[in-house]
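K.L.:
Here is my input; please provide its structure:
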Amino acid sequence: MDLDALGSSVRQEFGNHLAVGVEIRFQMLVSELGELAKEVIKASAYGTQAFGVTPGFREELGDVLVDLALLSEAANLNLSECADLTLSKMRQRLAEHGRVDSETA
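P.N.:
Coordinates of the predicted model:
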């Protein structure tokens, strides 16, 4: 499934059960990011071993992705367009500074 279809697909299937504003949707995304962070910590045994993908990590990453798509839907933004803007910004940083991270901005 592509990025554009994800949010609308989830919204069509689950309808009003997901009808919340941008503020609440953002808080839900942050909560899911926290759960993903917890899975990273668990998967690396609190940083004592190399990270390995676990079923919990895979599930939480999916939750983050769906909530991100729903946030873009709630804000009436096209997720692919947002991603394209970021990719353009990264290309420009690479061309100008030889790096893609925001430390060069």
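K.L.:
Quick check: which ranges of this protein have low pLDDT?
P.N.:
104-105 (pLDDT under 70).
K.L.:
for it, what spans make up the helices?
P.N.:
3-14, 22-43, 55-74, 79-97 (DSSP state H).
K.L.:
who's in contact with the last one?
P.N.:
This points to helix 79-97. 2-4, 6-7, 68-69, 72, 99-102, 104-105 (CB atoms under 8 Å, 6 or more residues apart in numbering). Every residue, glycine included, has its C-beta placed from N, CA and C.
K.L.:
just the CA coordinates of it, formatted as CSV?
P.N.:
Written as CSV, here are the backbone C-alpha positions of helix 79-97 (Å, rounded to 0.1, in the frame of the first residue of the first chain):
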residue,chain,number,x,y,z
LEU,A,79,1.7,12.4,3.2
SER,A,80,3.6,11.7,-0.1
GLU,A,81,3.9,15.4,-0.8
CYS,A,82,5.2,16.0,2.7
ALA,A,83,7.8,13.2,2.2
ASP,A,84,8.7,14.6,-1.2
LEU,A,85,9.4,18.0,0.4
THR,A,86,11.7,16.4,3.0
LEU,A,87,13.5,14.4,0.3
SER,A,88,14.1,17.6,-1.7
LYS,A,89,15.5,19.3,1.4
MET,A,90,17.8,16.4,2.1
ARG,A,91,19.1,16.4,-1.5
GLN,A,92,19.8,20.2,-1.2
ARG,A,93,21.7,19.7,2.1
LEU,A,94,23.7,16.9,0.5
ALA,A,95,24.6,19.1,-2.5
GLU,A,96,25.5,22.1,-0.4
HIS,A,97,27.1,20.5,2.7
